[in-house]
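> Fold the following and give me the result.
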Amino acid sequence: MQEARRWVLSTCHDIGRDDLAECAELGVSELVTNALLHGTHPITVRVRGTAEHPRVEIRDGSRERPQLPTEIDPEDDLLLTFGRGLSIVARCADAWGAVIEEDGKIVWFAPARDFAEDEGVPGVITGDDEEPPAPPEDPVEVEIRGVPLADFQTFERHFRELGREVRLLALAHQSDYPLAQDLSDLFGALERQLREGVGLEHLEEATVTGTELADVQLVTSRASTRTMARFIEKLDLADEFCRQQRLLSLARSPEQRAFQRWYLGEFVRQGNGEAPMAWQEFVDEDEDERRSQAS
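Numbers count the residues shown, from 1 in each chain. Down below sits the predicted model:
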């Protein structure tokens, strides 16, 4: 725990936010203690967000839903450990909550400048109430050919990280980051279709075989393919947002942008009735276009 406290303090100083150091140190101490007592290894600590609005995240391998302070009997013995810790986090944060994911949970907080004298801000828990997706209306079959699995795995990590980042930025500082709110809304509209439709589960299975390329056939809704076009545009804006707001990650490399433009674009193209285009075809066509523009 001492190492986590020292690292968070050092990070606050490095980004010029000494004014948040005291609350950041107190909050991370409580959350790391809670993770050690009630969570599951591995436990990790990181700082995300922007220099203007940093956020401390503690991740562990348990999917058990944290109990918010208002949900705990004041006379319960848990108040001395888990419940009390979240009560303290609520008082040293501008916003805080938890995200339940497939392989664990993240408890996060945006450190405040001053420790609150009252009960602090309420926490928000997301991700633990998802229902199975309904069969798509107005279905469209999509075939994605020759997916390079190494590029797909990079895309999958970026997709999940960006989705989490914009969701938490929108929750904690909606008025300051309107683009984050727009992206979060699009993720919300597409997330289930993306989980099924973007082929994550299909390609995750393919990676186990050790093959370099894979074909994916799936069914999604025509409405989601239209929304995907807006999503692709927002991803380009998100790259600039990441650079301007000094997010700690998430701006894509040119190679990542090209792959995502092809992969997500296949849903748009085939939703419009066009034939599938394999990744290598896209690369060759893109290269021909660049040579034509250069000549």
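
> Can you give me the buried ones in the strand or helix carrying Gln256?
For Gln256, the element it lies in under DSSP states H and E is helix 254-271. For helix 254-271, the neighbour count (16 or more other C-beta atoms under 10 Å) marks 256, 258-264, 266-271 as buried. The way it works is simple: take the backbone N, C-alpha and C, and place the C-beta from them, glycine included.

> Stretch 216-230 now?
216, 218, 220-225, 227-229.

> In this model Val166 seems to touch Ser184, though I could be wrong.
Yes: counting by C-beta atoms under 8 Å, Val166 is a contact partner of Ser184 at 4.7 Å.

> When those two are compared, which one has more neighbours?
Legend: neighbour count by other C-beta atoms under 10 Å for Ser184 and Val166, higher for Val166 (25 against 21).

> can I get the buried residues of helix 254-271 in a markdown table with distance to Pro136 and pLDDT?
Converted to a markdown table, the buried residues of helix 254-271 look like this (distance: C-beta to C-beta, whole Å; pLDDT from 0 to 100):
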| residue | distance to Pro136 | pLDDT |
| --- | --- | --- |
| Gln256 | 27 | 90 |
| Ala258 | 28 | 93 |
| Phe259 | 25 | 94 |
| Gln260 | 22 | 90 |
| Arg261 | 23 | 92 |
| Trp262 | 22 | 94 |
| Tyr263 | 19 | 91 |
| Leu264 | 17 | 90 |
| Glu266 | 16 | 93 |
| Phe267 | 12 | 91 |
| Val268 | 16 | 93 |
| Arg269 | 18 | 94 |
| Gln270 | 14 | 94 |
| Gly271 | 11 | 92 |
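
> Just give me the closest of the residues you listed to Asp18.
Gln256 (34.6 Å; C-beta to C-beta).

> separation between the closest one and Ser62?
Taking C-beta to C-beta, to the nearest Å as the measure, Gln256 falls 31 Å from Ser62.

> So what's the residue count around the closest residue to Arg269 other than its chain neighbours?
Excluding its sequence neighbours, the residue lying closest to Arg269 (C-beta to C-beta, 6 or more residues apart in numbering) is Met277, at 6.9 Å. By other C-beta under 10 Å, the residues close to Met277 number 17.

> How confident was the prediction at Met277?
Met277 carries a pLDDT score of 95 in this model.

> next one: the one 4 residues further on
Confidence per residue is given as pLDDT, and for Glu281 that number is 93.

> quick one: what helix or strand has it in it?
Glu281 belongs to helix 279-294 when elements are defined using DSSP H and E.

> thinking again about what came up before, which of the buried residues of helix 254-271 sits closest to Ala51?
Of all the buried residues of helix 254-271, Ala51 sits closest to Gln256, with 23.8 Å by C-beta to C-beta.

> so that closest one touches Phe155, yeah?
Yes: between Gln256 and Phe155 there is a contact under C-beta under 8 Å: 6.9 Å.

> Keeping just the C-alphas, turn the helix holding Gln256 into CSV.
Extracted in CSV, the C-alpha atoms of helix 254-271 (Å, rounded to 0.1, in the frame of the first residue of the first chain):
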residue,chain,number,x,y,z
PRO,A,254,-1.5,5.6,-38.3
GLU,A,255,-1.4,1.8,-38.5
GLN,A,256,-4.2,1.5,-35.9
ARG,A,257,-6.3,4.1,-37.6
ALA,A,258,-6.0,2.3,-40.9
PHE,A,259,-7.0,-1.0,-39.5
GLN,A,260,-9.9,0.4,-37.6
ARG,A,261,-11.1,2.4,-40.6
TRP,A,262,-11.1,-0.9,-42.6
TYR,A,263,-12.6,-3.1,-39.9
LEU,A,264,-15.4,-0.9,-38.7
GLY,A,265,-15.9,0.4,-42.3
GLU,A,266,-16.8,-3.1,-43.4
PHE,A,267,-20.0,-2.9,-41.3
VAL,A,268,-20.9,0.4,-43.0
ARG,A,269,-20.0,-0.8,-46.5
GLN,A,270,-21.9,-4.1,-46.3
GLY,A,271,-24.8,-2.4,-44.5
